[in-house]
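1. requesting a structural model of the entry that follows:
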Amino acid sequence: MLKQKPIRDKKYLRFLHDIGVCCNIPLGLVCRGDICGHHENKPMEGTMGAKVSDNQAVPLCFECHLRRHIIGRKAFWGDRTPLELADALWKIWSTKGMPYQSKLELGRQKVLKWRIHGRI
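-> Residues are numbered from 1 along each chain as shown. A predicted model of the protein is given here:
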């Protein structure tokens, strides 16, 4: 089976930063730091250091991003599925003809809904 190259899109990662909302609801913590794209691979896919496509990234603040790497997937996300959010944000980003500000607003709405309900 031919292995696919991961998707790389610096503009999409900038879009995640510009959304300006961390997708985590920290327990007793306040989100701190710039928003960056956290590349979340599918459970049991690849190993530490494996290249994950940018379309599997979700917005996390610096502190939550660091915490996710320290405590691991299950402890950090619980039953929530961040790849569902990543798919929704990638679809928004990929929509042709939509103004950037509209994409940002729709992206923020998706992130906030996901924070509250844990699903899209």
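
2. check contacts around the residue nearest to the spatial centre of the chain.
-> Geometric centre of the chain, nearest residue: residue 58, 0.4 Å, by C-alpha atoms, centre = their mean. Counting by C-beta atoms under 8 Å, 6 or more residues apart in numbering, residue 58 touches 16, 23, 37-38, 40, 82, 85-86, 89. The way it works is simple: take the backbone N, C-alpha and C, and place the C-beta from them, glycine included.

3. neighbour-wise, give me the winner out of those.
-> residue 89 (27 neighbours; other C-beta atoms under 10 Å).

4. I figured that one hits residue 108, correct?
-> No. Taking contacts as C-beta atoms under 8 Å, residue 89 lies outside contact range of residue 108: 10.2 Å.

5. which residues do the two both contact?
-> By C-beta under 8 Å, 6+ apart, the residues touching both residue 89 and residue 108 are residue 19.

6. which one of the contacts of residue 58 sits closest to residue 69?
-> residue 38 (8.6 Å; C-beta to C-beta).

7. what sits closest to that closest one if chain neighbours are left out?
-> residue 60 (4.3 Å; C-beta to C-beta, 6 or more residues apart in numbering).

8. quick one: strands adjacent to the one helix or strand that neighbour maps to?
-> Assigned by DSSP states H and E, residue 60 belongs to strand 57-61. According to DSSP bridges, strand 57-61 forms sheet pairs with strand 35-39 (antiparallel).

9. how about residues contacting the partner strand?
-> 12-13, 16-17, 19-22, 52-54, 56-62, 65, 68, 82.

10. got a list of what residue 20 touches?
-> 35, 108.

11. for residue 59, grab the count of nearby residues.
-> 27.

12. give the helix, strand or coil label for the nearest residue to it once chain neighbours are set aside.
-> Spatially, and ignoring its direct neighbours in sequence, residue 59 is nearest to residue 16 (4.4 Å; C-beta to C-beta, 6+ apart). At residue 16 the chain is in helix, as set by DSSP: H, G, I helix; E, B strand; the rest coil.

13. sounds good, over and out.
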